[in-house]
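Undergrad: Fold the following, please.
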Amino acid sequence: MNAIPAALSFRQPVQDDAVMLLAWRRLPEVTSNSFTDIDDDLDKQRAWIERCNARNDYHHRIIQVDGVDVGYTSITITQPLWGVGSIGTYMGDRRGRTGIGALNFAPVLNHCFYTLGLRKLVNQIFADNERVHKGQTLLGYRHVGVLRAHAVKNGVPRDVHLFEMLADDWFAIRHRFGLMADMDGRVW
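TA: As a prediction, this is how the structure comes out:
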């Protein structure tokens, strides 16, 4: 299989998605693992979508399974001259057939390394987010360290784990996932 499975797709967020994205982002299981909290303000959410859609260093999509919006993913180019970026993803609606949603990482990684031409990804994840730690390792990321008491969430210092992946690392293992397309469906 080279393309994204028909059940999995991605689409650009639009202003009408503000209510849904704001609700997802404020879910306890999402916000507890996010570095920042956001206000319950629909106008701010709409403005955020507009700003994000205009940026060159930020690429985001809504993840769909069977045509139903189930999650959100973003790529931030943190060091454009070095070709370094970071990925953020969360599932917001788990009512449907979301198991396939986990496959979103292959098209996102293809987008990072092929479409955007990034050289490296560095992701920061709270220490207690063990499910994501396992997922990072499964995808071929290397655990490169722990920043002790690095982030402060709700007034409490939290450890942050660092994971990295080079483009060559992904090129060597992506065949295992059988997905060669990026988030926009281009096959690489």
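
Undergrad: And the lowest-mean-pLDDT helix or strand in the chain, what does it pack against?
TA: In the chain, the helix or strand scored least confidently by mean pLDDT, DSSP states H and E is helix 130-138, which has a mean of 89. With contacts taken as 3 or more Cβ pairs under 8 Å, 6 or more residues apart in numbering; DSSP states H and E, helix 130-138 sits against strand 120-126, strand 142-153, strand 156-166. C-beta: built from backbone N, CA, C; applies to glycine.

Undergrad: let's see it at 10 Å
TA: Here helix 130-138 touches strand 84-91, helix 105-110, strand 120-126, strand 142-153, strand 156-166, going by 3 or more Cβ pairs under 10 Å, 6 or more residues apart in numbering; DSSP states H and E.

Undergrad: ok, residues contacting the longest one?
TA: Among residues not part of strand 142-153, those counted as contacts by Cβ atoms under 10 Å, 6 or more residues apart in numbering are 31-37, 122, 124-127, 133, 136-137, 156-166, 169.

Undergrad: for Ala167, what are its contacts?
TA: Neighbouring residues of Ala167 by Cβ under 10 Å, 6+ apart: Gly83, Leu109, Cys112, Phe113, Tyr114, Gly117, Leu118, Arg119, Lys120, Leu121.

Undergrad: mind checking the end-to-end distance for stretch 114-122?
TA: Start and end residues of stretch 114-122 are separated by 16 Å (Cα to Cα, to the nearest Å).

Undergrad: again, but for stretch 111-131
TA: Stretch 111-131: ends 23 Å apart by Cα to Cα.

Undergrad: Buried residues, that stretch. List them.
TA: 111-115, 118, 120-123, 125-126, 129 (16 or more other Cβ atoms under 10 Å).

Undergrad: what pLDDT, on average, does stretch 161-171 get?
TA: Stretch 161-171 comes out with an average pLDDT of 97.

Undergrad: Pretty sure Asn104 sits against Ile75.
TA: No: with contact defined as Cβ atoms under 10 Å, Asn104 does not count as touching Ile75 (11.9 Å).

Undergrad: hang on, the earlier thing: of all the buried residues of stretch 111-131, which comes closest to Met20?
TA: His111 (21.9 Å; Cβ to Cβ).

Undergrad: Burial check on the nearest residue to the closest one once chain neighbours are set aside, number of neighbours?
TA: Distance criterion Cβ to Cβ, 6 or more residues apart in numbering; nearest residue to His111, sequence neighbours excluded, is Asp182 at 4.0 Å. Look at Asp182: counted by other Cβ atoms under 10 Å, it has 22 neighbours.

Undergrad: Quick check: Asp182 vs Met91, distance?
TA: Distance, Asp182 to Met91, by Cβ to Cβ, to the nearest Å: 20 Å.

Undergrad: Dihedrals phi and psi, Gly185?
TA: Backbone geometry at Gly185, expressed as degrees, to the nearest 10, gives phi 90, psi 0.

Undergrad: Alright, calling it a day.
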